[in-house]
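Visitor: 3D, please:
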Amino acid sequence: MNIAEKVSYLRGLCDGLGLDENNKQDKILRSIVDVLDEVAFAVGEVNDSLEELSDQIDAVDEDLANLEEEVYDGEDDDDYHFSSADDEDFYEVECPSCGDTIYLDEEMIEDGSIDCPNCGTELEFDFSDDESISAEQPEEKPEE
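Guide: Presented below is the predicted three-dimensional model:
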């Protein structure tokens, strides 16, 4: 039994009791049943709207699945690796003065030095060890 049927049953009970329109308690009981009837109607409309929206969402989901199938042509996103011969390698260098992490490409490193964008300290790159690239803080010049 749904809400509307239960409210109709309560209304039938009230009608069967022969409630007096002049009695305050009977008026309250009839008013409560009227409000319950309105609530049951509103809940029914919400349920109908929910069902309609659910059907629309299912249709959109199906359309999206068809579109994905056409666009990706059955390819699984997890199997595709985004890489090409044009990909550049970037190196991570930490400034010894301020500790800021700087990302450099090979061309920037081949220049031999760069100014830290955070603190302005000149970073020089030592290529004596082919395995790693390190940033060295320049030696301080004595003031004259």
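
Visitor: ok, Glu68 to Asp111 distance?
Guide: Glu68 is 46 Å from Asp111, where distance means C-beta to C-beta, to the nearest Å. Bear in mind the C-beta positions are built from the backbone N, C-alpha and C, glycine included.

Visitor: More neighbours: the two, which one.
Guide: The neighbour count for Glu68 versus Asp111, taken as other C-beta atoms under 10 Å, is higher for Glu68 (13 against 10).

Visitor: hey, where'd the helices end up in this structure?
Guide: For the chain, the helices defined by DSSP state H occupy 3-17, 24-72, 106-110.

Visitor: how far is stretch 4-14 from where the chain is centred?
Guide: 46 Å (C-alpha atoms, centre = their mean, to the nearest Å).

Visitor: What residues sit buried inside that stretch?
Guide: Counting neighbours by 16 or more other C-beta atoms under 10 Å, one finds that the buried residues in stretch 4-14 are 7-8, 10, 14.

Visitor: pLDDT below threshold where in the protein?
Guide: Along the chain, segments meeting pLDDT under 70 span 74-88, 127-144.

Visitor: how about a cut-off of 80?
Guide: 73-89, 109, 125-144 (pLDDT under 80).

Visitor: Now do the domain split for the protein, please.
Guide: When the chain is parsed with automatic domain parsing, its domains come out as 3-72, 90-136.

Visitor: The residue nearest the centre of the chain and Leu67: what is the separation?
Guide: Centroid check for the chain by C-alpha atoms, centre = their mean gives Asp61 as the closest residue, at 17.9 Å. From Asp61 across to Leu67, the span is 11 Å (C-beta to C-beta).
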